[in-house]
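S.K.: quick one, fold the following:
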Amino acid sequence: MSERDAALEAARASGVPGECVESDSCPWHGLLAAVDGYSAAESRLPWMTWRDWGWKAAVAAASDVAASGGSVGALLVSVGAPEPRVGVEVAAGVGEAAAWMGATVLGGDMNSCRCGDAWVDVTVIGRRLYWSPRWAARPGDVLVRAGPLGYGVLAAAALKDENVLDLIPGNILDYTRRPRPPLGLPLALALEGCPPRAGVDNSDGWAETLWLMAEASRVRLLIDSLDPSSDVRGILEALGLLDPLAVASSAEDYTLLLSIDSESAECALSACRKAGVECLVVGRVERGEPGVYYRGKPLPRRGWDSFASQVV
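M.R.: Residues are numbered from 1 along each chain as shown. This is a model prediction of the structure:
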(Lines give C-alpha, C1' and ligand atoms only; values in the text may rest on other atoms or scores of the structure.)
Protein backbone atom coordinates (compact mmCIF):
# COMPACT_ATOMS: atom_id res chain seq x y z
CA MET A 1 0.00 0.00 0.00
CA SER A 2 1.38 3.42 -0.96
CA GLU A 3 1.67 6.26 1.53
CA ARG A 4 -1.17 8.10 -0.21
CA ASP A 5 -3.46 5.06 -0.09
CA ALA A 6 -2.59 4.48 3.57
CA ALA A 7 -3.33 8.12 4.39
CA LEU A 8 -6.72 7.99 2.66
CA GLU A 9 -7.63 4.74 4.40
CA ALA A 10 -6.55 6.12 7.78
CA ALA A 11 -8.60 9.29 7.23
CA ARG A 12 -11.73 7.33 6.41
CA ALA A 13 -11.17 4.88 9.27
CA SER A 14 -10.79 7.70 11.79
CA GLY A 15 -14.06 9.35 10.73
CA VAL A 16 -12.76 12.35 8.82
CA PRO A 17 -15.72 13.98 7.00
CA GLY A 18 -15.92 12.73 3.44
CA GLU A 19 -15.41 16.16 1.90
CA CYS A 20 -12.19 16.56 3.91
CA VAL A 21 -10.56 13.23 3.06
CA GLU A 22 -8.90 14.70 -0.03
CA SER A 23 -8.17 18.22 1.14
CA ASP A 24 -4.95 19.64 2.52
CA SER A 25 -6.89 21.04 5.48
CA CYS A 26 -10.46 20.80 6.75
CA PRO A 27 -12.88 23.62 7.69
CA TRP A 28 -14.53 23.81 11.09
CA HIS A 29 -16.50 26.77 12.49
CA GLY A 30 -14.75 29.35 10.32
CA LEU A 31 -11.33 27.77 10.79
CA LEU A 32 -9.03 25.54 8.77
CA ALA A 33 -6.78 23.02 10.52
CA ALA A 34 -3.95 20.75 9.39
CA VAL A 35 -1.33 18.55 11.01
CA ASP A 36 2.01 17.37 9.65
CA GLY A 37 4.66 15.14 11.17
CA TYR A 38 8.14 13.84 10.45
CA SER A 39 10.85 11.58 11.74
CA ALA A 40 14.34 13.03 11.63
CA ALA A 41 15.78 9.99 9.85
CA GLU A 42 13.41 10.51 6.91
CA SER A 43 13.25 14.29 6.66
CA ARG A 44 16.13 16.15 8.32
CA LEU A 45 18.68 17.16 5.70
CA PRO A 46 22.35 16.79 6.75
CA TRP A 47 22.88 20.55 6.57
CA MET A 48 19.90 21.30 8.81
CA THR A 49 20.16 22.19 12.49
CA TRP A 50 17.46 20.90 14.85
CA ARG A 51 15.96 24.39 14.78
CA ASP A 52 15.85 24.31 10.98
CA TRP A 53 14.04 20.99 11.14
CA GLY A 54 11.45 22.41 13.54
CA TRP A 55 10.98 25.38 11.23
CA LYS A 56 10.35 23.10 8.24
CA ALA A 57 7.80 21.02 10.15
CA ALA A 58 5.86 24.14 11.09
CA VAL A 59 5.94 25.59 7.60
CA ALA A 60 4.86 22.27 6.05
CA ALA A 61 1.64 22.21 8.10
CA ALA A 62 1.06 25.92 7.50
CA SER A 63 1.42 25.38 3.76
CA ASP A 64 -1.44 22.86 3.88
CA VAL A 65 -3.67 25.51 5.45
CA ALA A 66 -2.61 28.09 2.85
CA ALA A 67 -3.29 25.68 -0.03
CA SER A 68 -6.85 25.29 1.23
CA GLY A 69 -7.53 29.00 1.69
CA GLY A 70 -6.56 29.76 5.27
CA SER A 71 -4.63 32.51 7.01
CA VAL A 72 -2.34 30.93 9.64
CA GLY A 73 -3.10 31.95 13.22
CA ALA A 74 -1.89 29.42 15.78
CA LEU A 75 0.30 26.34 16.16
CA LEU A 76 0.63 23.37 18.51
CA VAL A 77 3.71 21.15 18.56
CA SER A 78 4.57 17.69 19.85
CA VAL A 79 8.20 16.55 19.91
CA GLY A 80 9.85 13.23 20.61
CA ALA A 81 13.60 13.46 21.20
CA PRO A 82 16.44 11.26 22.45
CA GLU A 83 17.49 14.01 24.89
CA PRO A 84 15.89 17.22 26.22
CA ARG A 85 18.33 19.53 24.43
CA VAL A 86 17.24 18.24 21.03
CA GLY A 87 13.55 18.65 21.90
CA VAL A 88 14.09 22.23 23.03
CA GLU A 89 15.95 23.10 19.83
CA VAL A 90 13.21 21.61 17.63
CA ALA A 91 10.53 23.50 19.56
CA ALA A 92 12.56 26.72 19.25
CA GLY A 93 12.61 26.28 15.47
CA VAL A 94 8.84 25.92 15.46
CA GLY A 95 8.62 29.13 17.48
CA GLU A 96 10.88 30.98 15.04
CA ALA A 97 8.71 29.83 12.13
CA ALA A 98 5.59 30.96 13.99
CA ALA A 99 7.13 34.41 14.50
CA TRP A 100 7.91 34.63 10.77
CA MET A 101 4.30 33.68 9.96
CA GLY A 102 2.87 36.12 12.50
CA ALA A 103 1.28 33.21 14.36
CA THR A 104 1.09 32.15 18.01
CA VAL A 105 2.30 28.88 19.53
CA LEU A 106 -0.48 27.85 21.89
CA GLY A 107 1.31 24.95 23.55
CA GLY A 108 2.98 21.63 23.03
CA ASP A 109 4.10 18.28 24.30
CA MET A 110 7.58 16.89 24.94
CA ASN A 111 8.34 13.18 24.86
CA SER A 112 11.35 10.95 25.39
CA CYS A 113 12.07 8.95 22.26
CA ARG A 114 14.23 5.88 22.88
CA CYS A 115 14.12 4.68 19.28
CA GLY A 116 17.39 6.33 18.27
CA ASP A 117 15.52 8.93 16.24
CA ALA A 118 13.49 12.09 16.83
CA TRP A 119 10.03 13.07 15.59
CA VAL A 120 7.90 16.19 15.44
CA ASP A 121 4.21 16.86 14.76
CA VAL A 122 2.84 20.36 14.20
CA THR A 123 -0.83 21.32 14.11
CA VAL A 124 -1.73 24.61 12.45
CA ILE A 125 -5.03 26.42 12.89
CA GLY A 126 -5.95 29.21 10.51
CA ARG A 127 -8.83 31.54 9.76
CA ARG A 128 -10.84 30.29 6.81
CA LEU A 129 -10.82 32.91 4.03
CA TYR A 130 -12.27 30.46 1.52
CA TRP A 131 -12.00 26.69 1.04
CA SER A 132 -10.17 25.18 -1.93
CA PRO A 133 -10.08 21.39 -1.46
CA ARG A 134 -8.03 19.41 -3.95
CA TRP A 135 -11.19 17.74 -5.32
CA ALA A 136 -12.83 20.96 -6.56
CA ALA A 137 -10.94 21.61 -9.85
CA ARG A 138 -13.32 21.92 -12.80
CA PRO A 139 -12.90 21.60 -16.58
CA GLY A 140 -12.07 24.99 -18.04
CA ASP A 141 -10.05 26.11 -15.00
CA VAL A 142 -6.50 27.36 -15.41
CA LEU A 143 -3.68 25.98 -13.28
CA VAL A 144 -1.38 28.39 -11.48
CA ARG A 145 1.91 27.62 -9.78
CA ALA A 146 2.35 29.99 -6.84
CA GLY A 147 5.77 30.05 -5.22
CA PRO A 148 9.19 28.61 -6.04
CA LEU A 149 9.96 25.35 -7.83
CA GLY A 150 13.26 23.48 -8.22
CA TYR A 151 14.86 23.90 -4.80
CA GLY A 152 13.98 20.31 -4.00
CA VAL A 153 15.91 19.08 -7.05
CA LEU A 154 19.04 20.78 -5.73
CA ALA A 155 18.51 19.32 -2.25
CA ALA A 156 18.14 15.83 -3.71
CA ALA A 157 21.31 16.30 -5.79
CA ALA A 158 23.22 17.46 -2.70
CA LEU A 159 22.07 14.37 -0.81
CA LYS A 160 23.60 12.20 -3.53
CA ASP A 161 26.81 14.23 -3.80
CA GLU A 162 27.86 16.55 -0.97
CA ASN A 163 30.12 18.46 -3.38
CA VAL A 164 26.96 19.93 -4.90
CA LEU A 165 26.52 21.96 -1.70
CA ASP A 166 29.48 24.13 -2.71
CA LEU A 167 27.69 25.04 -5.94
CA ILE A 168 24.47 26.21 -4.30
CA PRO A 169 24.35 29.93 -3.32
CA GLY A 170 23.67 30.61 0.35
CA ASN A 171 20.23 32.16 -0.14
CA ILE A 172 19.02 29.15 -2.12
CA LEU A 173 20.51 26.64 0.30
CA ASP A 174 18.80 28.54 3.11
CA TYR A 175 15.41 27.91 1.48
CA THR A 176 16.03 24.16 1.70
CA ARG A 177 16.76 24.63 5.41
CA ARG A 178 13.99 27.09 6.13
CA PRO A 179 11.41 27.25 3.34
CA ARG A 180 9.37 30.43 3.06
CA PRO A 181 6.37 29.58 0.89
CA PRO A 182 3.65 32.12 -0.02
CA LEU A 183 1.52 31.71 3.11
CA GLY A 184 0.07 35.20 2.75
CA LEU A 185 -1.30 34.60 -0.74
CA PRO A 186 -4.76 33.35 0.35
CA LEU A 187 -5.47 36.69 2.03
CA ALA A 188 -4.38 38.56 -1.11
CA LEU A 189 -6.61 36.36 -3.29
CA ALA A 190 -9.54 36.79 -0.92
CA LEU A 191 -9.16 40.57 -0.86
CA GLU A 192 -9.02 40.71 -4.65
CA GLY A 193 -12.16 38.55 -4.84
CA CYS A 194 -10.68 35.73 -6.89
CA PRO A 195 -10.15 32.69 -4.64
CA PRO A 196 -9.15 29.44 -6.37
CA ARG A 197 -11.51 26.50 -6.58
CA ALA A 198 -8.90 23.88 -5.64
CA GLY A 199 -5.45 23.86 -4.09
CA VAL A 200 -2.64 21.48 -3.14
CA ASP A 201 0.81 22.21 -1.71
CA ASN A 202 3.99 20.62 -3.02
CA SER A 203 5.37 18.53 -0.18
CA ASP A 204 6.25 15.21 -1.80
CA GLY A 205 7.00 16.21 -5.40
CA TRP A 206 5.51 18.48 -8.04
CA ALA A 207 4.37 15.61 -10.26
CA GLU A 208 2.71 13.98 -7.25
CA THR A 209 1.02 17.28 -6.42
CA LEU A 210 -0.43 17.49 -9.92
CA TRP A 211 -1.60 13.89 -9.74
CA LEU A 212 -3.26 14.45 -6.36
CA MET A 213 -5.43 17.20 -7.81
CA ALA A 214 -6.19 15.25 -11.00
CA GLU A 215 -7.29 12.14 -9.11
CA ALA A 216 -9.23 13.92 -6.38
CA SER A 217 -11.07 16.14 -8.88
CA ARG A 218 -11.47 13.33 -11.44
CA VAL A 219 -10.13 15.51 -14.24
CA ARG A 220 -7.27 15.63 -16.70
CA LEU A 221 -4.54 18.23 -16.16
CA LEU A 222 -2.78 19.51 -19.27
CA ILE A 223 0.56 21.04 -18.29
CA ASP A 224 2.38 23.47 -20.58
CA SER A 225 5.24 24.49 -18.29
CA LEU A 226 7.55 22.64 -15.93
CA ASP A 227 9.97 25.54 -15.74
CA PRO A 228 11.82 25.99 -12.44
CA SER A 229 12.14 29.30 -10.65
CA SER A 230 14.51 31.70 -12.39
CA ASP A 231 16.94 31.87 -9.46
CA VAL A 232 17.68 28.13 -9.61
CA ARG A 233 17.54 27.68 -13.37
CA GLY A 234 21.23 28.41 -13.99
CA ILE A 235 22.39 26.08 -11.22
CA LEU A 236 20.17 23.25 -12.45
CA GLU A 237 21.52 23.75 -15.96
CA ALA A 238 25.13 23.63 -14.73
CA LEU A 239 24.40 20.37 -12.92
CA GLY A 240 22.65 18.83 -15.92
CA LEU A 241 19.32 18.83 -14.08
CA LEU A 242 17.44 21.35 -16.20
CA ASP A 243 15.08 18.67 -17.44
CA PRO A 244 11.28 18.75 -17.16
CA LEU A 245 11.09 15.32 -15.52
CA ALA A 246 13.78 16.28 -13.00
CA VAL A 247 11.93 19.50 -12.14
CA ALA A 248 8.68 17.54 -11.85
CA SER A 249 10.26 15.48 -9.06
CA SER A 250 11.12 18.57 -6.99
CA ALA A 251 9.77 18.14 -3.46
CA GLU A 252 9.43 20.27 -0.33
CA ASP A 253 9.30 23.53 -2.25
CA TYR A 254 5.85 24.00 -0.67
CA THR A 255 4.72 25.52 -3.94
CA LEU A 256 0.96 25.99 -4.20
CA LEU A 257 -0.91 24.43 -7.13
CA LEU A 258 -4.12 26.39 -7.64
CA SER A 259 -7.03 25.64 -9.96
CA ILE A 260 -8.76 28.91 -10.82
CA ASP A 261 -11.82 29.81 -12.87
CA SER A 262 -10.48 31.04 -16.21
CA GLU A 263 -12.36 34.34 -15.87
CA SER A 264 -10.54 35.00 -12.57
CA ALA A 265 -7.04 34.10 -13.77
CA GLU A 266 -5.85 37.66 -14.44
CA CYS A 267 -7.28 38.79 -11.11
CA ALA A 268 -5.33 36.01 -9.36
CA LEU A 269 -2.09 36.91 -11.14
CA SER A 270 -2.60 40.54 -10.15
CA ALA A 271 -3.06 39.45 -6.52
CA CYS A 272 0.20 37.52 -6.78
CA ARG A 273 2.06 40.56 -8.07
CA LYS A 274 0.70 42.74 -5.28
CA ALA A 275 1.72 40.11 -2.71
CA GLY A 276 5.20 39.74 -4.25
CA VAL A 277 4.61 36.05 -5.02
CA GLU A 278 6.05 34.32 -8.07
CA CYS A 279 3.00 33.00 -9.98
CA LEU A 280 2.78 31.38 -13.38
CA VAL A 281 -0.03 29.85 -15.43
CA VAL A 282 1.23 26.32 -16.06
CA GLY A 283 -1.73 24.57 -17.66
CA ARG A 284 -5.45 23.93 -17.72
CA VAL A 285 -8.09 21.46 -16.62
CA GLU A 286 -10.22 19.42 -19.01
CA ARG A 287 -12.64 16.53 -18.88
CA GLY A 288 -11.33 13.02 -19.25
CA GLU A 289 -9.81 10.08 -17.46
CA PRO A 290 -7.91 11.44 -14.43
CA GLY A 291 -4.28 11.97 -15.33
CA VAL A 292 -1.53 14.50 -15.94
CA TYR A 293 -0.12 15.29 -19.36
CA TYR A 294 2.89 17.46 -20.16
CA ARG A 295 2.78 18.83 -23.68
CA GLY A 296 0.57 16.00 -24.82
CA LYS A 297 2.48 13.14 -23.18
CA PRO A 298 1.62 11.40 -19.89
CA LEU A 299 3.64 12.79 -16.97
CA PRO A 300 4.93 9.95 -14.78
CA ARG A 301 3.76 10.03 -11.21
CA ARG A 302 6.83 10.66 -9.08
CA GLY A 303 6.86 11.61 -5.43
CA TRP A 304 8.27 10.76 -2.05
CA ASP A 305 6.77 7.78 -0.23
CA SER A 306 7.89 7.58 3.39
CA PHE A 307 6.95 3.92 3.71
CA ALA A 308 9.16 3.11 0.75
CA SER A 309 11.83 5.62 1.93
CA GLN A 310 12.29 6.73 -1.66
CA VAL A 311 10.80 8.57 -4.60
CA VAL A 312 8.33 6.28 -6.37
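
S.K.: who does the longest strand along the chain touch, helix- and strand-wise?
M.R.: If you go by DSSP state E, the chain has its longest strand at strand 70-81. On a contact count with 3 or more Cβ pairs under 8 Å, 6 or more residues apart in numbering; DSSP states H and E, strand 70-81 meets helix 50-67, helix 84-101, strand 104-112, strand 119-128, helix 185-192. (C-beta placed from N, C-alpha, C; glycine too.)

S.K.: can you tell me what sits against the last one?
M.R.: Under the contact criterion Cβ atoms under 8 Å, 6 or more residues apart in numbering, helix 185-192 has outside partners 66, 69-71, 129-130, 146-147, 195-196, 256, 267-268, 270-272, 274-275, 277.

S.K.: mark which of those are buried, thanks.
M.R.: Listed as buried from those are 66, 69-71, 129-130, 146-147, 195-196, 256, 267-268, 271-272, 275, 277; burial here means 16 or more other Cβ atoms under 10 Å.

S.K.: so how far is residue 85 from residue 182?
M.R.: 33 Å (Cβ to Cβ, to the nearest Å).

S.K.: between those two, which one's more packed in?
M.R.: Using other Cβ atoms under 10 Å, the more surrounded residue of residue 182 and residue 85 is residue 182, with 22 against 10.

S.K.: sec struct for that one, please.
M.R.: Reduced to three states with DSSP: H, G, I helix; E, B strand; the rest coil, the structure at residue 182 is coil.

S.K.: ok, the spatially closest residue to it that is not a sequence neighbour - contacts?
M.R.: Nearest residue to residue 182 in three dimensions, chain neighbours excluded: residue 277, at 4.2 Å (Cβ to Cβ, 6 or more residues apart in numbering). Counting by Cβ under 8 Å, 6+ apart, residue 277 touches 146-147, 182, 184-185, 188.

S.K.: swap the cut-off to 6 Å and go again
M.R.: 146, 182, 185 (Cβ atoms under 6 Å, 6 or more residues apart in numbering).

S.K.: how near is the last one to residue 61?
M.R.: Okay, so that is residue 185. 16 Å.

S.K.: give me the more crowded residue out of those two.
M.R.: Set residue 185 next to residue 61 and count neighbours by other Cβ under 10 Å: residue 61 wins out with 29 against 26.

S.K.: can you pull the contacts of the more buried one?
M.R.: For residue 61, the contact set (Cβ under 6 Å, 6+ apart) comprises 34, 36, 122, 124.

S.K.: weed out the non-buried ones from the residues you listed.
M.R.: Neighbour counting over the contacts of residue 61 (16+ other Cβ under 10 Å) leaves 34, 36, 122, 124 as the buried ones.

S.K.: what's the helix or strand for residue 236?
M.R.: Per DSSP states H and E: residue 236 is located in helix 230-238.

S.K.: can you give the contact residues for the longest strand of the chain?
M.R.: Strand 70-81 is contacted by residues 32, 62, 65, 87, 90-91, 94, 98, 101, 103-111, 113, 118-129, 183, 187 when judged by Cβ under 6 Å, 6+ apart.

S.K.: same question for stretch 124-133.
M.R.: If you take Cβ under 6 Å, 6+ apart as the criterion, stretch 124-133 is touched by 23, 27, 30-34, 61-62, 65, 68-75, 186, 190, 195-196, 198-199.

S.K.: what's the pLDDT at residue 186?
M.R.: Here the pLDDT value assigned to residue 186 is 97.

S.K.: so how far is residue 260 from residue 152?
M.R.: Residue 152 is 24 Å from residue 260, by Cβ to Cβ.
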